[in-house]
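> with the sequence up front, the predicted model follows.
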Amino acid sequence: MEPCEVLALSPRKVAYLKFLHGKNRSSRTGEIAAYFRVDPSTVTKAVNELARCGLVVHQPYLGVTLTEEGSECAEFLVRRHRILGLILTHYGLSGEEACREVERFESYVSRDAINRMCHSLGHPTRGICGSISHEYGCCGEEHGDEKV
Ligand SMILES: [Zn+2]
Ligand SMILES: [Zn+2]
């Protein structure tokens with residue numbers, strides 16, 4: 001298994017991972033394809049690549065499910081979307097516009113940059129399109145090893 005660098009995820013894969021995260025259960029590739037209006041073979045190809053880096057499991061009759069690592073990754077992708085969304089709304093965009101604009105570029109913003117923006121915004125818990133969870137990574141101060 002090759003580990004997946006978050007910046008190596010294409011915008012399409014990011015969208016699939018966020019979709020699976022939102023479903024909170026297994027989804028058939030056909031269901032994903034219908035939602036994104038793409039050919040099922042495109043989804044199958046992306047899903048197989050995600051499976052190869054350990055983010056999802058794809059089982060013949062159950063469909064696609066996020067692994068623990070995949071959920072953690074998706075949790076970050078959602079936080080990245082919502083942190084960037086909040087920033088754009090601070091600069092004059094409506095919530096809806098912010099969500100749409102962020103979807104155009106969110107895949108290219110690194111985890112480190114997001115963690116720093118998250119920190120500078122005071123780890124907000126509410127984004128424009130939902131709640132923001134800080135469980136993984138960004139709140140090292142609060143959740144890290146408390147060595148003195
Ligand atoms: Zn949004
Ligand atoms: Zn945070």
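Okay, I see it. Ligands and ions are numbered 1, 2, ... in the order given.
> and the nearest residue to Met117 once chain neighbours are set aside, how many neighbours?
Distance criterion CB to CB, 6 or more residues apart in numbering; nearest residue to Met117, sequence neighbours excluded, is Ile83 at 5.5 Å. (Glycine included, C-beta is placed from N, CA and C.) Using other CB atoms under 10 Å, Ile83 has 26 neighbouring residues.
> list the contacts for Ile83?
Ile114, Met117, Cys118, Leu121, Pro124, Gly127, Ile132 (CB atoms under 8 Å, 6 or more residues apart in numbering).
> tell me the confidence at it?
For Ile83, the model assigns a pLDDT of 97.
> same check on Val38?
Val38 is given a pLDDT of 97.
> that one in helix, strand or coil?
Using DSSP: H, G, I helix; E, B strand; the rest coil, the structure places Val38 in coil.
> that one: neighbour count?
Val38 has 15 nearby residues by other CB under 10 Å.
> is the helix or strand that contains Asn115 anywhere near ligand 2?
Secondary structure from DSSP states H and E places Asn115 in helix 111-120. Yes - residues of helix 111-120 are located near ligand 2 by CB under 5 Å from the ion, namely Cys118.
> brilliant, that's me finished.
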